[in-house]
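K.L.:
here is a sequence together with a model predicted from it:
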Amino acid sequence: MSRQGFLAIWCEIGRDDLVDYHNWQTQEHIADRIYSPGFLGMRLFTAIDNPCAHFFLYATESAAVMKSPPYLRILDNPSPWTKRLMPKFGPFDRAVGEKLVKIGRGFGSHVMASRLAGDGRPLDPAAAKEALRSFIDLPDTMGVRLLATDRATTGIESREKTMRSGVEGDFDYLLVVEALSRAGAEWARDQLSTRLPAVLPGVVSRDAAVYRMIYGEAPHEGEAPA
C-alpha cells in the first residue's frame, strides 16, 4: 500500500493584493486542486508574525497524484485570475512528496512547520517516529507529521512555474507539529534544536515558523464549484 502524498506551498503576497489573493484562493485556486482526482483535503495558514505570508498543506492519496495527467493539466492551464496574481508573488517555495510518519489524530488551530535538509544519511522511519513522540508531551501539542520531499516530482516543469521565481523544494523533509494554541506551536519551535538530532541525524539546515490556520477544504464536504 502506497503512502499518502502531500503538497506544501509557502507564498507571500503584498498587502495591497491580500484581499484579492484570499478571494482567489478560496473561490477558485484551491477548488481547482482539491476536486481533482486523488486529493483528500487541504489547509491554509498565515504566519503569526506576517499576515502576508502563507503556508498551504494538501493531502493526497499518494505522491503519484502530483504527477498525474489531471493535476499536470491544471498546472499547464492557469486561469486569467492566476495569470494576474501569480507574477506578484514574493518569496515562494513548493514541495511534493510522501508522508513518512504520523502521530496523533486531528488538526490543531496552529502548526509549527520546519523544512529540513540532511547530509545524505538514510532516515529510519521507525526510529524517527519514536523520537518524534517527544513533540507531543505538552498539553497543547497533539500531532506530528514527518514528510519526505520528492525532488524529481517537485521539479516537473509547468506553465504556472514560469510565472513565479525561486528555487522550489530544495530540502529533504518537512516536519509539521500540530498544536491547539500559538503557545503550543511556539513551544515546538523552541524545542526543535534539542529534539531534532534524535529524529534526523546529520541535519545541515533547517528553518522553523509558526502558523495559524485560516481556511480548510475537503472534497467530501460538497460539490465542486460550477
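P.N.:
Right, received. Where do you want to start? Predicted, not measured: the structure shown is a model, and the values here were computed from it.

K.L.:
by residue count, which helix of this protein is the longest?
P.N.:
Longest helix in the chain by number of residues (criterion: DSSP state H): helix 182-199.

K.L.:
right, and the helix or strand after that one?
P.N.:
strand 203-206 (DSSP states H and E).

K.L.:
in its sheet, what does that following strand sit against?
P.N.:
Strand pairing for strand 203-206, using DSSP bridges, gives strand 110-118 (antiparallel).

K.L.:
how far off centre is the strand it pairs with?
P.N.:
For strand 110-118, the distance from its own C-alpha centre to the chain's C-alpha centre is 9 Å (CA atoms, centre = their mean, to the nearest Å).

K.L.:
what are the buried residues along the longest helix of the chain?
P.N.:
By neighbour count on 16 or more other CB atoms under 10 Å, the buried set for helix 182-199 is 184-189, 191-192, 196, 199. C-beta coordinates here come from the backbone N, C-alpha and C atoms, glycine included.

K.L.:
mind putting the residues you listed into JSON lines with pLDDT and distance to Glu12?
P.N.:
JSON lines is the format used below for the buried residues of helix 182-199 (pLDDT from 0 to 100; distance: CB to CB, whole Å):
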{"residue": "Gly184", "pLDDT": "96", "distance to Glu12": "25"}
{"residue": "Ala185", "pLDDT": "97", "distance to Glu12": "19"}
{"residue": "Glu186", "pLDDT": "97", "distance to Glu12": "21"}
{"residue": "Trp187", "pLDDT": "95", "distance to Glu12": "25"}
{"residue": "Ala188", "pLDDT": "95", "distance to Glu12": "23"}
{"residue": "Arg189", "pLDDT": "96", "distance to Glu12": "19"}
{"residue": "Gln191", "pLDDT": "93", "distance to Glu12": "26"}
{"residue": "Leu192", "pLDDT": "94", "distance to Glu12": "22"}
{"residue": "Leu196", "pLDDT": "92", "distance to Glu12": "26"}
{"residue": "Val199", "pLDDT": "90", "distance to Glu12": "28"}
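
K.L.:
how about the strands in this protein?
P.N.:
Ranges of strands within the chain are 5-12, 39-47, 50-60, 92-103, 110-118, 141-149, 173-179, 203-206, 209-217, based on DSSP state E.
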